[in-house]
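Chemist: Quick one, structure for this:
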Amino acid sequence: MVHPVAEADEHGPFGRLSASEFYARHSISHSSSSFVNPDGLRIFTQRWVPLPPVEIVGTIGVIHGFTGESSWTVQLTAVHFAKAGFAVGALDHRGHGFSEGLNTHIPDIEPVVDDCVAFFDAFRSDYPASLPCFLYAESLGGAIALLTHLRGRDPEYARLHRGWDGAVLNGAMCGISPKFKPPWPLEHLLWLAAAVAPTWRVAFTRGSIPDLSFKVEWKRKLALSSPRRTVARPRAATALELLRVCRDVQAKFEQVTLPLLIVHGGDDVVCDPTCVEELYQRASSKDKTIRIYPGMWHQLVGEPDNNVELVFSEILDWLRLRASQPQAAVVAQGEGGSNLQ
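Modeler: Numbering: from 1, shown residues only. Presented below is the predicted three-dimensional model:
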């Protein structure tokens with residue numbers, strides 16, 4: 001099944017089609033809504049559901065990355081999953097996309113996790129509890145997905161919130177690449193900048209995220225053509241928090257128990273591939289698979305078409321198998337594995 005990014009162009013995700021024409025072409029129902037979080041910010045949400053006669057086989061909660069949004073290229077992946085029989089829901093993090101909040105400002109990750117939990121609980125409640133539910137997360141979303149899962153270790157939280165049947169981590173931010181960080185000592189002065197001017201945009205990175213993430217030029221232009229995407233430097237408090245999140249997640253790798261599929265570009269210079277390899281080695285999950293793709297960059301949807309089909313066919317195969325079979329049977333078949341090249 002061809003990923004819908006093949007129909008996009010550098011000007012927009014739907015190519016020459018309107019949004020309604022695009023969804024009709026793929027037999028997908030699309031809707032959007034919003035909710036107001038405890039901080040008074042309106043958070044934008046979207047859903048993509050396959051139209052009959054396609055049977056819904058599971059639900060997927062999509063978590064986008066830093067400076068991203070649930071629209072644009074991410075929604076093309078959501079449509080890809082919906083065409084395969086999954087009901088898909090996603091939200092824009094505060095300060096991202098159509099959600100309210102200071103642009104790309106995340107001084108504390110926990111309220112962002114709270115927003116995800118609130119929306120995904122509501123989204124999944126609209127479907128039978130018997131349907132398996134998965135997380136699909138990109139970049140910073142990978143860290144958010146792990147933090148969401150780790151909250152389930154608290155018995156009171158687990159009593160109130162349903163767990164997840166697996167997670168696909170695409171280019172997960174378990175560690176920021178040394179090739180992306182500024183040279184010493186700038187990183188170690190972040191705490192001072194965050195304390196004095198938390199919203200000040202600092203020279204924390206050695207290049208813009210889109211330029212270093214999308215290998216194919218027209219896909220890079222597509223990402224940059226979104227009117228809601230910024231290429232500005234991270235804010236001081238946000239940069240400091242992203243580093244803290246990486247340390248926090250790394251310290252808890254052994255506590256990760258849910259089924260995992262980790263996919264990552266071997267030439268990713270934004271999120272360090274060695275950190276997800278460490279996650280794979282240390283995670284307590286009985287069902288875990290890692291694929292490090294040689295030569296691929298941070299945004300795997302930004303690769304040439306043949307690479308996109310390779311990656312996303314593996315993702316769909318993994319999701320379909322776990323949606324159709326009990327987890328014990330999957331583990332018994334030895335589906336977990338690695339591909340570290």
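
Chemist: buried stuff in stretch 267-277?
Modeler: Within stretch 267-277, the residues scored as buried using 16 or more other C-beta atoms under 10 Å are 268-273, 275-277. C-betas here are computed from N, CA, C, even on glycine.

Chemist: oh, I was asking about stretch 277-288
Modeler: Applying a neighbour-count criterion of 16+ other C-beta under 10 Å, one finds 277, 279-280, 283, 285, 287-288 buried in stretch 277-288.

Chemist: Sort out which of the buried residues of stretch 267-277 are in helices and list them.
Modeler: In helices, defined here by DSSP state H, the members of those are 273, 275-277.

Chemist: how about the residues you listed in TSV, adding distance to Glu21 and pLDDT?
Modeler: As requested, these are exported to TSV (distance: C-beta to C-beta, whole Å; pLDDT from 0 to 100):
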residue	distance to Glu21	pLDDT
Pro273	38	97
Cys275	41	97
Val276	38	98
Glu277	42	98
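
Chemist: which one among these gets closest to Ile106?
Modeler: Cys275 (19.2 Å; C-beta to C-beta).

Chemist: Neighbours of the closest residue to that closest one other than its chain neighbours, how many?
Modeler: Spatial nearest neighbour of Cys275, chain neighbours left out: Gly175 (3.1 Å); criterion: C-beta to C-beta, 6 or more residues apart in numbering. By other C-beta atoms under 10 Å, the residues close to Gly175 number 20.

Chemist: and Gly175, how far is that from Val62?
Modeler: Here Gly175 is placed at a distance of 22 Å from Val62 (C-beta to C-beta, to the nearest Å).

Chemist: Equivalent analysis for Ser208, please.
Modeler: 23 Å.

Chemist: where's Ala143 relative to His96, distance?
Modeler: Distance, Ala143 to His96, using C-beta to C-beta: 15 Å.

Chemist: can I assume Val202 is in contact with Thr238?
Modeler: No - using C-beta atoms under 8 Å, Val202 is not in contact with Thr238; the gap is 9.2 Å.

Chemist: higher neighbour count, the two?
Modeler: Neighbours per residue, other C-beta under 10 Å: of Val202 and Thr238, the larger number sits with Thr238, 26 against 21.

Chemist: Checking the more buried one next. Helix, strand or coil?
Modeler: Classification of Thr238 using DSSP: H, G, I helix; E, B strand; the rest coil returns helix.

Chemist: Run through the residues that contact the residue nearest to it when sequence neighbours are not counted.
Modeler: Distance criterion C-beta to C-beta, 6+ apart; nearest residue to Thr238, sequence neighbours excluded, is Ile106 at 4.9 Å. Ile106 sits next to 66, 93-95, 112, 238, 241-242 when contact means C-beta atoms under 8 Å, 6 or more residues apart in numbering.
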